[in-house]
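Visitor: Kindly return the folded structure for what I paste below:
(2 chains)
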Amino acid sequence: MATPAPRPRIRLDKKEAKKGDLVEVKALVAHIMESGQRKDKDGNVIPRKIINKFTCEVNGQLVFAADLEPAVSANPYLQFKFKAEETGKVVLTWIDDDGTKIVGEDTITVS
Amino acid sequence: MTMTVSRREAFALGAGAVAVLSLGGVGPAFAKNDSDELIKAFTGGKAPVKGKIKLDLPDIAENGNTVPLAFTVESPMTEASHVTDVLIVAEGNPRGGLATFHFSPRSGVAEAATRIRLAETQNVIAIAKMNDGSLFTDTRQVKVTIGGCGG
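Guide: Alright, predicted model coming up:
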């Protein structure tokens, strides 16, 4: 598909946290997550196209990652937490089967 | 009160023993897909213990295309003791793998939620791996009204 990379939706449950607080992240990205199991009307298998890797880095440090399989629903939704250590960038990356990267960013302020 | 709790624990232990048996002894005839192999690759053949990880799924999923899944693992999540990986597999899907989650002490807590596809009524199994190599598991059965893997 030649559509532009979809804009992920990211929500942190707080923008400002105390050191050691848990910050909840909810992330949703529009993606077909084609499983490679379905067939089109001529009986040909529709090739697999999924997001197979998700990572969340805070200031360049990996805090959460997931390997996704075709059994993850379309428009994959992920919810997780991380421990606030210092103010910085929260970078979420989704990697497609074909290597395409979708990147979303937010910031967290830690006092 | 204490009576009920201990009864529950007894049941949980029983279920754990069954799970361990099915993983270790009965062999490949048990699951229809590659979930046994995935579990074996993840655990290195070690039998996981029931407990510590809690899998949260609906008892009945009306739409197998998007079934909410969540889990939490009890762990202090310190350098000395934390959860490193959590494997989730489905026994009745065309392929067993659902997702693998990776944690570090920076995660603060080992919990996550997502939405999955389930082809039919089946068991979903979660296995948590700790940094010391110990393994914990939980299983939930989900009844699926409309399957979610397309035709």
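
Visitor: Near the closest residue to B:Gly92 other than its chain neighbours, how many other residues are there?
Guide: Using Cβ to Cβ, 6 or more residues apart in numbering or on different chains and skipping the chain neighbours, the partner closest in space to B:Gly92 is B:Gln122 (2.9 Å). The way it works is simple: take the backbone N, C-alpha and C, and place the C-beta from them, glycine included. Using other Cβ atoms under 10 Å in any protein chain shown, B:Gln122 has 21 other residues around it.

Visitor: Distance check, B:Gln122 against B:Thr139.
Guide: Computed as Cβ to Cβ, to the nearest Å, the B:Gln122 to B:Thr139 distance reads 10 Å.

Visitor: my guess is B:Leu38 is in a helix, correct?
Guide: Yes - secondary structure of B:Leu38 (DSSP: H, G, I helix; E, B strand; the rest coil): part of a helix.

Visitor: so who does the closest residue to chain A within chain B touch?
Guide: Of all residues in chain B, B:Gly108 sits closest to chain A, at 3.0 Å by Cβ to the nearest Cβ. Applying Cβ atoms under 8 Å, 6 or more residues apart in numbering or on different chains, we find B:Gly108 in contact with A:22, A:81-83, B:77.

Visitor: Over to B:Arg106: give its phi and psi.
Guide: phi -70, psi -20 (degrees, to the nearest 10).

Visitor: what's the spacing between B:Gly45 and B:Asp138?
Guide: 20 Å.

Visitor: who's in contact with the residue nearest to B:Gly92?
Guide: Neighbours of B:Gln122 in contact, by Cβ under 8 Å, 6+ apart: B:90-93, B:141-142, B:144.

Visitor: repeat for A:Leu28
Guide: A:8-9, A:75-78.

Visitor: Show me just the buried residues among those residues.
Guide: Neighbour-count burial (16 or more other Cβ atoms under 10 Å in any protein chain shown) is assigned, among the contacts of A:Leu28, to A:8, A:76-78.

Visitor: Could you show which parts of chain A are in contact with chain B?
Guide: Residues of chain A found near chain B (Cβ under 8 Å from any Cβ of the partner chain) are A:22, A:35, A:37-39, A:58, A:61-74, A:76-83, A:85.
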